[in-house]
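Chemist: Show me how the following folds:
(chains A and B)
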Amino acid sequence: MSIWQHLLESLESLTSNKLRSGLTILGIVIGVASVISMLAIGQGASAAVNAQIQSIGSNLLFVSSGFFGQGGGGGAVAPKPLTLQDAQALVDPVNAPDVAAAVGVVNARGTISISGNSTSGSIIGTTSQYAAVRNFNLQEGQFITDSDVSGRSAAVVLGSGVATTLFGETTGLTGQVVRINNQPFRIVGVLQSVGGGAMGSQDNQVIVPLTTAQSRLENRGSSSGRIDQILVQASSAEGVTAAQEEVTNILRTRHNTRIGSDDFNILSQQDILNTANSVTGTLTLLLGGIGAISLVVGGIGIMNIMLVSVTERTREIGLRKALGAHKSDIRLQFLMESIMLCLLGGLIGVAVAAGVSKVISNVAAASNTAINPVIGIDSILLACLFSGAVGLFFGVYPANRAANLEPVEALRYE
Amino acid sequence: MSDEREWVIEATNLTKIYQMGEVEVQALRGVSFTIARGEVVAIMGPSGSGKSTMMNILGCLDVPTSGDYILDGESVANLSDDELSDIRNRKVGFVFQSFNLLPRISALGNVELPLRYSGGNHLKQKAMAALEAVGLQDRVNHRPNELSGGQQQRVAIARAMVTQPAIIMADEPTGNLDTKSGEDIMKLLLDLNKQSGTTLIIVTHSPDVAAQTGRILHLRDGLLVEA
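Modeler: This is a model prediction of the structure:
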């Protein structure tokens, strides 16, 4: 019998029991849909995280104080805090030719309020170059200036999220006064929206002069002058590694540390990217694995139904053999049915997965984290191949059982 | 006279032993006979006489434990499963007591089925011709459950005829039919035998049916006996 005839016959038999075929397919549909949508969401999430990390700026190094990954390597000696002078020392054309800019940052959290309205957000104390290093653009007004920093002026640049929360708009705000931790600050500018970030929304922040943050918003006691982080921008992507070395050398000299027990650590954007990728990769694998389990469960459902079908159609098998069917004819007939079931389930599963990832991306967009699930032609092919393989794998046993029935026994079966 | 006739079935000393757990059951204990082409033969005997075993072996559904069986010039005693399938497809047509039609497909599809396994062209035309021969040309697209018992058995006879086999094995062909339909079916089988000269072997309990055949083989306890 030709393949074509087998195909027609298996279609005939599947459509003759629509409810059962449908329910059997459902297992595969759910399996394939979960594998594909999980993979798509994983890929989408990974792309979103990458984009967010890239959006922090380009060719950045993050220098922070403390011992890192050395089991408290410095012993009882407390790490020397980073200072604004450290940051300034890094911009050195002779000892650090690959460093384009270095900006000190003080981080704090606080309450930003106007009369009758308040919000909490992160407060960043920094200098004038911060906007350039972080690729921030202003919606209106201007950024913190050098004279703001040297004069410890009470000036603030609002993130667009904060501006929207407090004022309901992002324009026409310069010159107005907000209170940060109950101290008045004059608005000098509003940032353009940059969207959510891997470490919280970047729009939900306010930027004040570094010196002002140190003296008025933070309780740093006598050791004022300390900063939390230095943002270093390398002059080019190729220069990041060299810049990292140069920064390390300069800071070692300034902090008088022994080799191997640095009291600061440097994280490059690539490090963050790698960490994030390994996290999202693991997550994708986990999600895909869960999906694959349901696919296997669906496959077992197929096998179950095919076995029932073989038993139910024992007489038919006997008759077909009496009429001249070879073992291979019977085997192919049942294999074809299970493969068709799975392929059909796979195709419907792809469609369902498209729907599911659409819903998920809408939900994600609504909660301010843009994830664009990607269903590529490769995942569709994968689904078809995989579901076909599932049909083959779980169909072989029932098909062989059918093929090996003795015609005499099968014809006698009631 | 027998020397001039062409034998379509030559059975020599056929035995069949079934292993039922610990017990051996001798269904056939050495049966020899011949059937000439075009003959109509009834096989009779009480339950447990080896009738079904005999039919299975003659229809190439099973092989004898020992002895030789030549069907239409081919020895089939030692063939493999697939070779037996081919022999059944080409040389044997089956008519069963319970019709054994596939319920999902039309009368035409059912008649076409043995042709599909043998391959070849013009399957539809051949199946149509067979259905016409049994008088069902206006029922070709009906499914079995839309046909009466007598009509279903006609479809089964068309299915048995369509490959132009050497023998037709009919196992209680009238057993599930009322008297009138049963008589019609017997008449049809005998007519077809006359027209096409196909050898007809009928396994039956019914003396009425057996009386219409040319020869009766009586089986008792696995042996042929004189009536």
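Chemist: I'd say B:Gly104 and A:Leu14 touch.
Modeler: I think there's a mix-up here, since residue B:104 is Arg and not Gly. No: shown here, B:Arg104 and A:Leu14 do not form a contact pair, counting by Cβ atoms under 8 Å, at 10.4 Å. For every residue, glycine as well, the C-beta is placed using N, CA and C.
Chemist: Comparing those two, which residue is more hemmed in?
Modeler: A:Leu14 (21 against 17; other Cβ atoms under 10 Å in any protein chain shown).
Chemist: so what secondary structure elements neighbour whatever helix or strand A:Val350 lives in?
Modeler: Taking DSSP states H and E as the criterion, the element that holds A:Val350 is helix A:327-366. If contacts are counted by 3 or more Cβ pairs under 8 Å, 6 or more residues apart in numbering or on different chains; DSSP states H and E, helix A:327-366 sits against helix A:3-15, helix A:18-55, helix A:269-312, helix A:314-322, helix A:377-403, helix B:81-91.
Chemist: Tell me which stretches of chain B form helices.
Modeler: In chain B, the helices defined using DSSP state H lie at B:51-58, B:81-91, B:107-118, B:123-133, B:149-161, B:179-196, B:207-211.
Chemist: The fifth one: how far from the chain's middle?
Modeler: It refers to helix B:149-161. Centroid separation for helix B:149-161 versus its chain: 12 Å, with Cα atoms, centre = their mean, to the nearest Å.
Chemist: Averaged pLDDT, it. What do you get?
Modeler: Taken as a whole, helix B:149-161 carries a mean pLDDT of 95.
Chemist: Not counting that helix itself, show me its contacts.
Modeler: A:323, B:93-96, B:99-101, B:107, B:110-111, B:113-114, B:127, B:130-131, B:133-136, B:139, B:144, B:147, B:168, B:170, B:173, B:176-178, B:180-181, B:184-185, B:188-189, B:192, B:196, B:198 (Cβ atoms under 8 Å, 6 or more residues apart in numbering or on different chains).
Chemist: for the shortest one, same thing?
Modeler: Residues outside helix B:207-211 that contact it (Cβ under 8 Å, 6+ apart) are B:Ala42, B:Met44, B:Thr174, B:Gly182, B:Met186, B:Ile202, B:Thr204, B:Ile216.
Chemist: With adjacent residues omitted, what lies nearest to A:Thr280?
Modeler: Using Cβ to Cβ, 6 or more residues apart in numbering or on different chains and skipping the chain neighbours, the partner closest in space to A:Thr280 is A:Ser46 (3.9 Å).
Chemist: Kindly report the same for A:Ile207.
Modeler: Sequence neighbours aside, A:Val157 is the residue nearest to A:Ile207 in space, at 4.3 Å (criterion: Cβ to Cβ, 6+ apart).
Chemist: Dump the host helix or strand of the one you found to PDB, keeping only the CA atoms.
Modeler: Per DSSP H and E, A:Val157 falls inside strand A:155-158. Presented in PDB, the C-alpha positions along strand A:155-158 are these (Å, rounded to 0.1, in the frame of the first residue of the first chain):
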ATOM      1  CA  ALA A 155      19.500  71.700  42.800                       C
ATOM      2  CA  VAL A 156      17.800  68.600  41.500                       C
ATOM      3  CA  VAL A 157      17.200  66.900  38.200                       C
ATOM      4  CA  LEU A 158      14.000  64.800  38.300                       C
END
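Chemist: What strands flank that strand, and is each parallel or antiparallel?
Modeler: Here the strand partners of strand A:155-158, with direction, are listed using DSSP bridges: strand A:183-191 (parallel), strand A:205-209 (antiparallel).
Chemist: Which residue is it, in chain B, that comes closest to chain A?
Modeler: Of the residues in chain B, the one nearest chain A is B:Asn89, at a distance of 2.4 Å by Cβ to the nearest Cβ.
Chemist: mind listing what the residue lying closest to that residue once chain neighbours are set aside touches?
Modeler: The spatial neighbour of B:Asn89 that comes closest, neighbours along the chain excluded (Cβ to Cβ, 6+ apart), is A:Gly324 at 2.4 Å. Taking Cβ under 8 Å, 6+ apart as the criterion, A:Gly324 is in contact with B:Ser85, B:Asp86, B:Arg88, B:Asn89, B:Arg90, B:Pro114, B:Tyr117, B:Ser118, B:Thr163.
Chemist: Let me know how buried B:Asn13 is, in neighbour terms.
Modeler: B:Asn13 has 14 neighbouring residues, counting by other Cβ under 10 Å.
Chemist: list the contacts for it?
Modeler: Residues near B:Asn13 by Cβ under 8 Å, 6+ apart: B:Gly30, B:Val31, B:Ser32, B:Ser66, B:Gly67, B:Asp68.
Chemist: quick one, phi psi at residue 98?
Modeler: In the absence of a named chain, this looks at chain A. phi -90, psi 0 (degrees, to the nearest 10).
Chemist: Then the one 5 residues further on?
Modeler: Here is the backbone geometry of A:Val103 (degrees, to the nearest 10): phi -120, psi 130.
Chemist: what number of residues lie near residue 98?
Modeler: Picked chain A for this. Other residues near A:Asp98 number 20, with proximity taken as other Cβ under 10 Å.
Chemist: hmm, I had chain B in mind actually
Modeler: 16.
Chemist: So it sits against B:Pro173, correct?
Modeler: No: here B:Ser98 lies out of contact with B:Pro173, judged by Cβ under 8 Å, at a distance of 10.5 Å.
Chemist: what stretches of chain B score poorly on pLDDT?
Modeler: For chain B, residues meeting the criterion pLDDT under 70 lie at B:1-4, B:227.
Chemist: For the residue most central in space within it, which residues are in contact?
Modeler: Compute the mean C-alpha point of chain B, and by Cα atoms, centre = their mean the closest residue is B:Met169, 0.9 Å away. With contacts defined as Cβ under 8 Å, 6+ apart, the neighbours of B:Met169 are B:Met55, B:Leu58, B:Gly59, B:Val92, B:Gly93, B:Phe94, B:Val95, B:Ile201, B:Val203.
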